[in-house]
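A.B. asks: no sequence on this one, just coordinates:
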């Protein structure tokens, strides 16, 4: 559990540093090993960065239950965006949609940062996944764990994704998201970020969303 808490704290500190997650030259469909290896280390001043509050930390520790029905471990071979990645199963790439979160999509603020942050957590590492929990946008949805750590929760903790409440009623996810919002972490630096599901809805209606990002940094 000490390792788990350390990973949680590290995720939040890295997000708070606001310099690690930039990305350039990302592959169109997935982040490859070369782009991840080029990430420069960041020196974190712990005195100026607030960690997760004790309430959220305690809730995480008490609620973590390792799912004995998990499958794997499988190596992560590509990062598509902040909520989707590819693993190698029986020598074939399989795309995994993460449970409970929705990350910025291409062209949205924090798209590259979210993409790069997920890569820093799991790229080229072996994760375990739950059995399919249904489909979202024709993709199989799975919970993802690395050494017992819920990766969806890590993305929420760092402010790198939204809690996808339409498909997830997980109370803990909602609390972790609220904590990141109150601390202004990640995408919550913007006081009024536009959710991916809103963007998708507007696109289906044939409405351009470029004006929404006119005065925002799309990185």
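C.D. replies: Cool, the structure landed. As the structure is a computational prediction, the values presented were derived from the model and not from experiment. Residues are numbered from 1 along each chain as shown.
A.B. asks: contacts for the biggest strand by length in the chain, please.
C.D. replies: Identified as the longest strand of the chain according to DSSP state E is strand 71-81. For strand 71-81, contacts defined as C-beta atoms under 8 Å, 6 or more residues apart in numbering pick out 27, 29-32, 85-89, 93-95, 103-106, 111, 114-115, 118-119, 122-131. From N, CA and C alone the C-beta is placed, and that goes for glycine too.
A.B. asks: tell me which residues of stretch 96-113 come out buried.
C.D. replies: 96-105, 108-113 (16 or more other C-beta atoms under 10 Å).
A.B. asks: before we move on, what about stretch 183-200?
C.D. replies: 183, 185-188, 193-194, 196, 199.
A.B. asks: cool, stretch 173-181 as well?
C.D. replies: 173, 175-177, 179-181.
A.B. asks: average pLDDT across that stretch?
C.D. replies: For stretch 173-181, the mean pLDDT works out to 96.
A.B. asks: ditto for stretch 116-127
C.D. replies: 98.
A.B. asks: and it, end to end?
C.D. replies: Using C-alpha to C-alpha, to the nearest Å, one end of stretch 116-127 lies 17 Å from the other.
A.B. asks: any low-confidence regions in this protein?
C.D. replies: 1-68, 134-139, 203, 211, 214-219 (pLDDT under 70).
A.B. asks: if you set the cut-off to 80 instead, what comes out?
C.D. replies: For the chain, the stretches flagged by pLDDT under 80 are 1-69, 132-140, 197, 199, 202-203, 208-219.
A.B. asks: now do the strands in it.
C.D. replies: Taking DSSP E as the criterion, the chain carries its strands at 71-81, 84-89, 92-98, 101-102, 126-129, 135-136, 139-142, 144-146, 149-150, 162-163.
A.B. asks: which strand residues bridge residue 96?
C.D. replies: Beta-bridge partners for residue 96, by DSSP bridges, are residue 85.
A.B. asks: can you pull the contacts of it?
C.D. replies: 84-87, 129, 139-140, 142, 144.
A.B. asks: quick one: closest of the strands of the chain to residue 210.
C.D. replies: For residue 210, the closest of the strands of the chain is strand 71-81, at 19.1 Å, according to C-beta to C-beta.
A.B. asks: between the closest one and strand 92-98, how many degrees?
C.D. replies: On the basis of axes from the mean of the first three to the mean of the last three C-alpha atoms, to 10 degrees, strand 71-81 is oriented at 80 degrees to strand 92-98.
A.B. asks: list the buried residues of strand 71-81.
C.D. replies: Buried positions in strand 71-81, judged by neighbour count with 16+ other C-beta under 10 Å: 74, 76-81.
A.B. asks: that strand vs strand 84-89, what angle?
C.D. replies: Counting by the same axes, to 10 degrees, strand 71-81 lies at 140 degrees to strand 84-89.
A.B. asks: wait, doesn't residue 85 sit right on residue 121?
C.D. replies: No: using C-beta atoms under 8 Å, residue 85 makes no contact with residue 121, being 9.8 Å away.
A.B. asks: so which of the contacts of residue 96 wins on neighbours?
C.D. replies: Highest neighbour count within the contacts of residue 96: residue 144, with 30 neighbours (other C-beta atoms under 10 Å).
A.B. asks: relative to residue 73, how far out is that one?
C.D. replies: For residue 144, the distance to residue 73 (C-beta to C-beta, to the nearest Å) stands at 11 Å.
A.B. asks: same deal with residue 118?
C.D. replies: The value you get for residue 118 to residue 73, if C-beta to C-beta is used, is 17 Å.
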